[in-house]
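A.B. asks: Provided below are the primary sequence and the corresponding predicted coordinates.
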Amino acid sequence: MIIKLVKQPQFIIGFLFIACLLIFSFYWPNLLDVDKAESLKLQDFLYDDEGRIIDAPPYSPSQVPPLGSDMFGKQIFYQIIDGAKYTILIALGIALFRILFSVGITLINPKSSFSFLNDIVQATLYIPTAILAFIFMNSLIVKQSMEPMSTMKLIVLQCLILIGVGVPPLISTFSREIKAILNKDYITNTFALGSKKFYVYYKHVLPELSTKLVLLFAQQVVQTLILMAHLGVLAIFIGGSAIVVLGDIFSPMPVAIPLAGEWAGIIGMNFAKVKAAPWAILTPLTFFAVLIFALNMIIQGIQNCLETNKS
Amino acid sequence: MNFSLRSYLKRLRSTILGILIISILPALLFGTNTQLEQNVWEYSINRLKYPLFPDVFEKYQYSMTIFFCALLTGLVAALILTFFTTLLPRFLQRIVYGLLTFLESLPDLFIVVVLQFAIIYIYKSTGVLLSNISNVYNNPIYLLPILTLSILPTIQLFKITLLLMKDEQHKPYVTVARSMGLSRLYITIAHVFRNILTSLVQYYKTIFVFMLSNLFIVEYVFNLNGIMNVLLNTKGVAFMVTALMIAIPFSLLFEIAESNTIKLTKQEEEEAA
């Protein structure tokens, strides 16, 4: 399987792109030879050579190359690079746990039809996932504002919501797949020969599912990324937000800024001021699009590989 | 038409139960009273309170107009595009397919925002306002939301029909028709398209669910007063009623489509046997 995957050019390109982005994101202060704190600081005003103030944020890409700055004078380029690792790792982690939980729950009782979960799946067809996640996140934030909790606990709870939103549809997929596998003749034989349930699951069911699992995992990563972007627009930030007051004394404008530096946060933070600084929102969105494209190439590679396996 | 009320009621019961569970789950899990001393039939956006009834019907109508116009536009555009692609030479078809795979991976948010900026940019540089880009003073806009919402379904449907077309063109009846001396154009229009339309019904669920999610983003970014905006801001009972307003007609559509596709596959099996 792995050797065949390596032969798929699409898979290799997608995989290398994501790997490079991750490595670059972890080691960019060394690679670009810049100071991390210096390049991520808030830049109040732009000065010319003689020290006169020439502009206030947001700066356009021509003023602050290469990608301009956001409402607070932070450079978008460094924010994007620094946020890449959080974005990718959060998406990978959530997708992984979604798959793990749903396989685990299905294997506890593979014979049941999970009728109560089926109800939820039926309902979630008509309610967009972003709204579903939003109503949970919103009540979490209301709770947090009443009784403050640590950032770590908040992140864990938010990730649990993001995981939980995706689990019911996956369970209904897996229960269908696993039932089909358990109905095969050789499984019945293995049970007749006296093997334990756990052994059968581990030795026969999971290997048969493995290719499907990889495919579903990649698709879940894409869905998580899209969901994160949507939540970013709705100003729900993973890791909570701080309120910063912009504007002058007479017209204070409280603005929520995310504490973690992931891309969805950059989108959400700049979304209200989208007309003033279009580059601040178009850049993270473009990066989202490119990342999703890379993931889709990986998915395509896996699918090609499966098709050649069959024939 | 093949439709049984009993299986529809069964589906409806399961949907209603699901929505009930979802609407009480946040309060159960986090133990907060999200109602915050307001009327059950009211919802608030930016601390301004709005009554749910009777405005919701108007918003519902508005959203559904956009939704179905976009669906229709997408379907027609996809079919026309497929028609022209089949007339292209083979290598161009492959390029189109590759392009579609790329376009498909663009997030809906990206397309919505880029279109909005494109309109602003054109207005700034030429002074021609192609269309209003935001809802102002309850003056509903139609053109841009419909266009935006129809782009992604067009791409998806285009890809699906292209694949179906590829399968269909190697079937025996096409070869027979060719050997009878009918032109490729005529076969495509009169026979292949008709068969594709029936197989296209299979993909109704993916497209509809996908478009509902898109509708939400379009409404949020263009600041439209639609049903999804209501759904986002309501809580508890009001949320349930709004969700049901979307769920009941759509589940009816799904039920009709599903029972008819089952019938189709059964027919095919009988023909094969």
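C.D. replies: Yep, it's here.
A.B. asks: low-confidence ranges in the stretch 51-200 of chain B?
C.D. replies: The model of the stretch 51-200 of chain B has pLDDT under 70 over residues B:130-138.
A.B. asks: would you map the strands across chain A?
C.D. replies: A:46-47, A:53-55, A:241-246, A:253-258 (DSSP state E).
A.B. asks: how much space separates the closest residue to residue A:15 other than its chain neighbours from chain B?
C.D. replies: Excluding the flanking residues, the one nearest residue A:15 by C-beta to C-beta, 6 or more residues apart in numbering or on different chains is residue A:298, at 6.0 Å. Yep, even glycine has a C-beta here, placed from its N, CA and C like the rest. Distance, residue A:298 to chain B, by C-beta to the nearest C-beta, to the nearest Å: 11 Å.
A.B. asks: state the pLDDT value of residue B:267.
C.D. replies: pLDDT for residue B:267: 64.
A.B. asks: ok now do residue B:155, which residues does it touch?
C.D. replies: Applying C-beta atoms under 8 Å, 6 or more residues apart in numbering or on different chains to residue B:155 gives the contacts B:100, B:103, B:104.
A.B. asks: out of those residues, which is nearest to residue A:89?
C.D. replies: Of all the contacts of residue B:155, residue A:89 sits closest to residue B:104, with 25.1 Å by C-beta to C-beta.
A.B. asks: give me the neighbour count for that closest one.
C.D. replies: 15 (other C-beta atoms under 10 Å in any protein chain shown).
A.B. asks: and it, what is it in contact with?
C.D. replies: Taking C-beta under 8 Å, 6+ apart, we find residue B:104 in contact with A:296, B:152, B:155, B:156, B:159.
A.B. asks: please repeat the previous calculation with a cut-off of 10 Å.
C.D. replies: Counting by C-beta atoms under 10 Å, 6 or more residues apart in numbering or on different chains, residue B:104 touches A:292, A:293, A:296, B:152, B:155, B:156, B:158, B:159.
A.B. asks: out of these, who's nearest residue A:209?
C.D. replies: Distances from residue A:209 to the contacts of residue B:104, taken by C-beta to C-beta, are shortest for residue A:296, at 22.0 Å.
A.B. asks: just the pLDDT at the closest one, thanks.
C.D. replies: 88.
A.B. asks: OK, contacts around the closest residue to it other than its chain neighbours?
C.D. replies: Residue nearest to residue A:296 in three dimensions, not counting chain neighbours: residue B:105, with 4.2 Å by C-beta to C-beta, 6+ apart. By C-beta under 10 Å, 6+ apart, the contact list for residue B:105 reads A:222, A:289-297, A:299-300, B:155.
A.B. asks: closest to chain A out of the contacts of residue B:155?
C.D. replies: Closest to chain A out of the contacts of residue B:155 is residue B:104 (7.2 Å), distances taken as C-beta to the nearest C-beta.
A.B. asks: so, in contact with chain B or not, stretch A:142-156?
C.D. replies: Yes. Residues of stretch A:142-156 contacting chain B under C-beta under 10 Å from any C-beta of the partner chain: A:142, A:143, A:144, A:145, A:146, A:147.
A.B. asks: what about those, which are in helices?
C.D. replies: Here DSSP state H is the test, and these give A:142, A:143, A:144, A:145, A:146 as lying in helices.
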